[in-house]
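S.K.: Okay, sequence plus prediction incoming.
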Amino acid sequence: MDLRSTYERELITMILGDKCGNKEHIIKNLSPNMFLNKFYKQLFGICEHLLKSSKEINVFSVCELLSEDELQKATNQIYSEFISNVNYKYYLDKLHESYFDRLVEGAKSLKENEDIQKEIAKWQDTSTLVDISTDAGSLLCEYYNNWDTAVKTYYPSLDQKLGSFQGGDVIIFAGATSMGKTCMMLNLITRMAKNGKKVDVFSLEMSLSQLQNRVICSETGINAGRFRNFSLTELDQELHLKYAEDEFKKLQIKVCTDYNITIEKIRKIEQKSESEIVFIDYLGLISGNGNKSSYERFGDISRGLKLLALELNKPFFVLHQLNRDLHSRDDKRPKLSDLRDSGKIEQDADTICFVHRPNYFDPTESEGKMEFIIAKNRHNESNQVIDLFYNKYTQKVSDYAEINKQSSDGETRN
């Protein structure tokens with residue numbers, strides 16, 4: 001099924017299963033001509049007829065007007081797939097876009113083009129224009145309601161500078177090769193899950209077992225090099241098995257095992273998921289728009305993720321690559337222009353962060369120092385650098401305040 005048919009099917013499903021009072025708005029913003037699939041077009045025509053006749057619109061009233069049993073069964077199948085209609089405007093826009101593109105491609109004269117512009121103007125949705133005072137009285141109440149649902153990194157020094165992640169936020173996270181961006185991502189995921197957050201992970205580079213082993217080594221203190229070299233001690237094996245069998249069950253982390261992921265697949269999965277934050281590793285591996293330049297493709301994916309985060313009301317934490325130019329200059333600390341094909345990505349992102357380990361380029365720097373750089377923060381101060389401690393053996397990233405507290409506690413006990 002192509003995307004256009006998907007949009008048609010989703011809208012029909014939303015009309016039949018609507019419980020939020022949106023079906024009238026959906027029907028009034030569509031016409032039968034916008035549908036290419038004959039069956040969906042027939043279903044829409046029946047729904048439109050019922051609306052004009054001031055009759056109830058649901059799967060039962062529609063099926064009564066379908067003559068064949070097979071069509072009734074197909075309609076019931078569509079209805080059974082109804083999930084939610086909170087995102088109906090997205091599908092309306094997509095079907096409008098497909099319909100208008102079809103008209104423009106078929107135009108053969110100036111007069112036809114003028115008629116098409118009138119048709120586009122006719123279907124322009126003005127319901128999105130609202131007075132600035134709309135529901136303003138509930139803002140403070142929403143602010144306190146969001147307190148429990150807001151997502152933090154649970155690194156005290158980072159949260160102080162970043163604030164919290166809210167639904168609709170897109171956080172782009174990058175770093176040069178071997179800087180530890182995937183390591184940092186896994187540490188963030190684990191911290192969030194240990195603090196009760198439900199996390200979904202789309203890892204397009206590593207398998208489930210690779211992710212599991214990296215988390216276990218980081219959390220238990222097992223030397224990751226020993227694991228890769230098949231030289232685990234007996235104690236290492238005991239710690240690994242205990243974490244795998246006991247501790248993992250306490251973490252509400254879901255990992256997608258489909259590695260050929262598109263924006264549409266992420267949408268379908270996240271519509272049904274109860275996750276509170278989504279991690280994607282990484283943007284450049286999301287499939288789609290293969291015939292476009294990398295700049296256009298990354299821009300489309302970036303925009304798609306932003307719209308999806310808004311639609312689903314979830315923060316999206318997305319890893320991305322840097323240009324290789326960074327290695328050829330004296331100052332190796334990453335900056336916004338280092339993001340690969342950065343223009344549109346920089347516009348869409350609410351927050352852009354980098355990780356940088358100075359010791360990788362300068363041996364005189366502290367080996368455990370990892371800089372977490374907040375290059376852009378739409379909701380707080382930008383251009384901030386926070387120092388974290390990176391353990392290259394276990395790939396554990398810690399806040400220096402935590403390290404100092406552990407040292408202090410150790411001295412007190414001694």
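M.R.: Alright, I've got the coordinates.
S.K.: what ranges do the strands span in this structure?
M.R.: 170-174, 199-203, 253-255, 277-281, 316-320, 351-356, 369-377, 384-391, 396-399 (DSSP state E).
S.K.: Would you check that residue 161 makes contact with residue 384?
M.R.: Yes - contact status for residue 161 versus residue 384: in contact at 5.1 Å, counting by C-beta atoms under 8 Å. Just so you know, the C-beta spots here come from the backbone N, C-alpha and C atoms, and that holds for glycine as well.
S.K.: tell me, what residue is most central in the chain?
M.R.: Nearest to the geometric centre of the chain sits residue 316, at 3.8 Å (C-alpha atoms, centre = their mean).
S.K.: Which strand residues bridge that one?
M.R.: Following DSSP bridges, residue 316 is listed with bridge partners residue 170, residue 278.
S.K.: how near is it to residue 326?
M.R.: 25 Å (C-beta to C-beta, to the nearest Å).
S.K.: need the contact list for the closest residue to residue 8 other than its chain neighbours.
M.R.: Of all residues not flanking residue 8 in the chain, residue 40 sits nearest, at 4.3 Å (C-beta to C-beta, 6 or more residues apart in numbering). By C-beta atoms under 8 Å, 6 or more residues apart in numbering, residue 40 lies in contact with 5, 8-9, 12.
S.K.: May I have the phi/psi pair for residue 335?
M.R.: Reported as degrees, to the nearest 10, the phi and psi values for residue 335 are phi -140, psi 170.
S.K.: so what pLDDT did it get?
M.R.: We have a pLDDT of 88 for residue 335.
S.K.: Quick one: neighbours of it, just the number.
M.R.: 15 (other C-beta atoms under 10 Å).
S.K.: Please look at it and residue 376 and confirm they touch.
M.R.: No - in this structure residue 335 lies outside contact range of residue 376 using C-beta under 8 Å: 10.3 Å.
S.K.: domains for the chain, by residue range?
M.R.: Using automatic domain parsing, the domain ranges for the chain come out as 3-122, 144-413.
S.K.: Among these, which comes closest to residue 133?
M.R.: domain 144-413 (20.1 Å; C-beta to C-beta).
S.K.: The closest one: how far from the chain's middle?
M.R.: 13 Å (C-alpha atoms, centre = their mean, to the nearest Å).
S.K.: Stretch 115-133 now?
M.R.: 28 Å.
S.K.: what's the overlap in contacts for residue 161 and residue 384?
M.R.: 374, 377.
S.K.: if we can go back for a sec, any figure for the gap between the residue nearest to the centre of the chain and residue 387?
M.R.: Residue 316 is 26 Å from residue 387, where distance means C-beta to C-beta.
S.K.: try residue 238
M.R.: 34 Å.
S.K.: repeat for residue 284
M.R.: The gap separating residue 284 from residue 387 is 28 Å, by C-beta to C-beta.
S.K.: wait, which of the contacts of residue 40 is closest to residue 311?
M.R.: When the contacts of residue 40 are ranked by distance to residue 311 (C-beta to C-beta), residue 9 comes first, at 17.4 Å.
S.K.: ok so, going back, the strands of the chain into TSV, with extra columns for mean pLDDT and distance to residue 102?
M.R.: Formatted as TSV, these follow (pLDDT from 0 to 100; distance: least, C-beta to C-beta, whole Å):
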stretch	mean pLDDT	distance to residue 102
strand 170-174	93	31
strand 199-203	94	32
strand 253-255	94	38
strand 277-281	93	32
strand 316-320	94	31
strand 351-356	94	37
strand 369-377	94	38
strand 384-391	94	49
strand 396-399	92	51
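S.K.: Neighbours of residue 331, how many?
M.R.: Counted with other C-beta under 10 Å, the neighbours of residue 331 add up to 8.
S.K.: So which of the contacts of residue 40 belong to helices?
M.R.: Members of the contacts of residue 40 lying in helices (criterion: DSSP state H): 5, 8-9, 12.
S.K.: Format the residues you listed as a markdown table; extra columns: distance to residue 256 and neighbour count.
M.R.: Shown next, in a markdown table, are the ones in helices among the contacts of residue 40 (distance: C-beta to C-beta, whole Å; neighbours: other C-beta atoms under 10 Å):
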| residue | distance to residue 256 | neighbour count |
| --- | --- | --- |
| 5 | 24 | 15 |
| 8 | 26 | 26 |
| 9 | 23 | 18 |
| 12 | 27 | 27 |
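S.K.: what's the most distant pair in those?
M.R.: Among the ones in helices among the contacts of residue 40, the pair separated by the greatest distance (C-beta to C-beta) is 5 and 12, at 10.6 Å.
S.K.: ok, now which ones touch the residue lying closest to residue 260 once chain neighbours are set aside?
M.R.: Nearest non-adjacent residue to residue 260, counting by C-beta to C-beta, 6+ apart: residue 287, 5.9 Å away. Residues near residue 287 by C-beta under 8 Å, 6+ apart: 260-262.
S.K.: List only buried entries from the residues you listed.
M.R.: Neighbour counting by 16 or more other C-beta atoms under 10 Å classes 261-262 among those as buried.
S.K.: which one of the contacts of residue 287 is nearest residue 179?
M.R.: Nearest to residue 179, judged by C-beta to C-beta, of the contacts of residue 287 is residue 261 at 23.9 Å.
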